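K.L.:
could you work out the structure for the sequence below:
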Amino acid sequence: MTEWGVDGKTSTVVHDNAANMNLASALSDKWKPLACSSYTLQLAVNCALEKSKVTDVISSVSRLVAHFRQSVVETQVPFNQQENGPPVQEADAL
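P.N.:
Next up, the predicted model:
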């Protein structure tokens with residue numbers, strides 16, 4: 001702290017939850033450690049996404065969008081179906 005010229009000017013150090021940062025904060029009696037709340041929130045959100053089906057849905061939608069972006073013909077299919085209705089299957093095809 002002296003090297004940076006902030007000795008005596010800080011009361012709290014904000015850091016992530018890494019073990020080395022927790023240890024460094026615990027070894028100092030000059031400031032109180034405070035874990036970064038946005039980093040902790042990010043960890044919680046990432047954990048929730050990993051354990052839910054949200055990532056599966058996002059992946060499926062991403063593949064669907066990529067498919068339609070790559071094909072000009074396929075891009076027109078939803079618009080044609082909106083105008084003309086879905087294609088009718090013949091009885092023989094069923």
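K.L.:
domains in the chain, by residue range?
P.N.:
Domain assignment for the chain by automatic domain parsing gives 1-52, 53-85.
K.L.:
would you turn these into a markdown table with mean neighbour count and mean pLDDT?
P.N.:
Glycine gets a C-beta too; all of them are placed from N, C-alpha and C. Shown next, in a markdown table, are those (neighbours: other CB atoms under 10 Å; pLDDT from 0 to 100):
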| stretch | mean neighbour count | mean pLDDT |
| --- | --- | --- |
| domain 1-52 | 11 | 80 |
| domain 53-85 | 10 | 81 |
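K.L.:
starting at the chain centroid, how far to the biggest helix by length in the chain?
P.N.:
Longest helix of the chain, by residue count under DSSP state H: helix 54-70. On the basis of CA atoms, centre = their mean, to the nearest Å, helix 54-70 sits 16 Å off its chain's mean C-alpha point.
K.L.:
host element of the most centrally placed residue in the chain?
P.N.:
Among the residues of the chain, residue 46 comes closest to the average C-alpha position under CA atoms, centre = their mean, at 6.2 Å. In the assignment (DSSP states H and E), residue 46 maps to helix 37-51.
K.L.:
how about residue 76?
P.N.:
Counting by DSSP H and E, residue 76 is part of helix 72-84.
K.L.:
how far out from the middle of the chain is that helix?
P.N.:
Counting by CA atoms, centre = their mean, helix 72-84 comes out at 32 Å from the chain centroid.
K.L.:
now do stretch 5-15
P.N.:
31 Å.
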